[in-house]
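S.K.: Following is a predicted model, sequence given first.
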Amino acid sequence: MKTGPAAISDGKGNFIIEDVTVSDPQVGEILVRMKAAGVCHTDFDSMSVGGKQIMGHEGAGIVEAVGPEVNEVEPGDHVILNWAIPCGSCFQCQVGNQVLCEEHPEVGLERSTHGGNPVARMFRLGTMSAYSVVRKEAVTKIDPSIPMTSASIVGCGVMTGVGSVFNAAKVEAGTSVAVLGTGGVGLNVIQGARISGAWPIIAVDVNPERLKMALEYGATHMVQADKDDEGLLGAAEEVKSLTGGRGADYAFECTAVPALGAAPLAMVRNAGTAVQVSGIEEDLTIDMNLFEWDKVYINPLYGKCKPAIDFPRLLNLYQSGELKLDELVTRTYSLSDLGQAFEDMHQGINAKGVLVFD
């Protein structure tokens, strides 16, 4: 049994930092001592939904203990946590869609208690905590030489961005790419496009500082959008001018702005592919003319992640120098500074903020 501080939301837009007690792992479970946790817009949004829960869904740490029937890792191993936990046996897992697992195995709520009462964990992980007990399927062993801060961000933003390029769109060398929104996910879409050999890679954003940042990660051209440009139709004309007048082969929406859900369709050529990366879940009115002609619109989840395959691949790219992770971590924070981390995130100061645990 371990006790340590955690960020706990109340489901009403607030959070507190107080101790949580975590019990010993049971069959198929792993106790992880968290070392770093990424700070994401999803974490902020979670404070207003789902009731009381331990926050955080990106993280890396060290295995503290394992329960029976755990052979994949042992105490002392460094691991990344994966929030879309596959069971391996349901229909979707069997057909290769692990991210769409129908079971998403998890440990019982009673494994974590706050004030003597069981408390939920965000996405079955709760990484903004000194300790967490998770299913063995939620962890991937990594090279201990990889910094925990860099490893921690692979499990969501990096995977979502790069995976949307590699696994969902399957971008090929020499094809053109437009990326709408250059936040943490957008920068990783840009990285994935660069690694895939795409050209040109056009970054679209309203923030000139974010556009400059995009160049550092592989964008070849910038389009500064106007906040009053409805549907980014004006920006789409600039994208077309940079792609021979016909539009990009691929366009990725990474803004999380519902009104821009259809915007990538305006930026791709006929028979091009629009990718809605940011997970918009609201009613939209879409001009069906944007689909003309033969355009494809896809909405992949989490870069179609298969952690046992994708995490090692991403970390190999990092170790070879092709994938930037250290550079993405603009600033680190203590758990007590989570409020500041959220403020910096909303102001667009960081490529990525990360909480670190002593």
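M.R.: Structure received.
S.K.: following the helix or strand of the chain with the lowest mean pLDDT, which helix or strand comes up?
M.R.: When the helices and strands of the chain are scored by mean pLDDT, DSSP states H and E, helix 41-46 comes last with a mean of 91. Per DSSP states H and E, the first helix or strand lying C-terminal to helix 41-46 is strand 53-54.
S.K.: what mean pLDDT does that next one have?
M.R.: Here strand 53-54 scores 96 as its mean pLDDT.
S.K.: Please state the offset of the next helix or strand after it from the chain centre?
M.R.: Next helix or strand after strand 53-54 toward the C-terminus (DSSP H and E): strand 60-66. Put simply, strand 60-66 sits 21 Å off its chain's centre (CA atoms, centre = their mean, to the nearest Å).
S.K.: Pull up the pairing partners for strand 60-66, direction included.
M.R.: strand 29-39 (antiparallel), strand 78-81 (antiparallel) (DSSP bridges).
S.K.: Of all those, which one is nearest residue 172?
M.R.: strand 78-81 (28.0 Å; CB to CB). Backbone N, C-alpha and C define where each C-beta goes, glycine included.
S.K.: Let me see the mean pLDDT of the following helix or strand past that closest one.
M.R.: Next along the chain after strand 78-81, taking DSSP H and E as the criterion, comes helix 91-94. Mean per-residue pLDDT for helix 91-94: 97.
S.K.: Let me see the residues that make contact with helix 91-94.
M.R.: Identification of contacts with helix 91-94 by CB atoms under 8 Å, 6 or more residues apart in numbering yields 86, 87, 98, 100, 101, 102.
S.K.: Of all the strands paired with strand 60-66, which one is nearest residue 227?
M.R.: strand 29-39 (25.0 Å).
S.K.: Kindly format the C-alpha coordinates of the closest one as CSV.
M.R.: The C-alpha coordinates for strand 29-39 follow below in CSV (Å, rounded to 0.1, in the frame of the first residue of the first chain):
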residue,chain,number,x,y,z
GLU,A,29,-2.3,-5.5,-12.1
ILE,A,30,0.8,-3.3,-11.8
LEU,A,31,1.6,-0.6,-9.3
VAL,A,32,3.4,2.3,-11.0
ARG,A,33,5.3,5.1,-9.2
MET,A,34,4.6,8.0,-11.5
LYS,A,35,7.6,10.1,-12.6
ALA,A,36,6.1,12.4,-15.2
ALA,A,37,2.6,13.2,-16.5
GLY,A,38,1.7,15.2,-19.6
VAL,A,39,-0.7,18.2,-19.3
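S.K.: Find me whatever residue is spatially closest to residue 168, sequence neighbours aside.
M.R.: residue 300 (3.7 Å; CB to CB, 6 or more residues apart in numbering).
S.K.: quick revisit: same for the least confident helix or strand of the chain, what does it pack against?
M.R.: helix 338-346 (3 or more CB pairs under 8 Å, 6 or more residues apart in numbering; DSSP states H and E).
S.K.: hmm, back to that, next, format the strands paired with strand 60-66 as a markdown table and append distance to residue 357, mean neighbour count and mean pLDDT.
M.R.: Below are the strands paired with strand 60-66 laid out as a markdown table (distance: least, CB to CB, whole Å; neighbours: other CB atoms under 10 Å; pLDDT from 0 to 100):
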| stretch | distance to residue 357 | mean neighbour count | mean pLDDT |
| --- | --- | --- | --- |
| strand 29-39 | 5 | 26 | 97 |
| strand 78-81 | 13 | 26 | 98 |
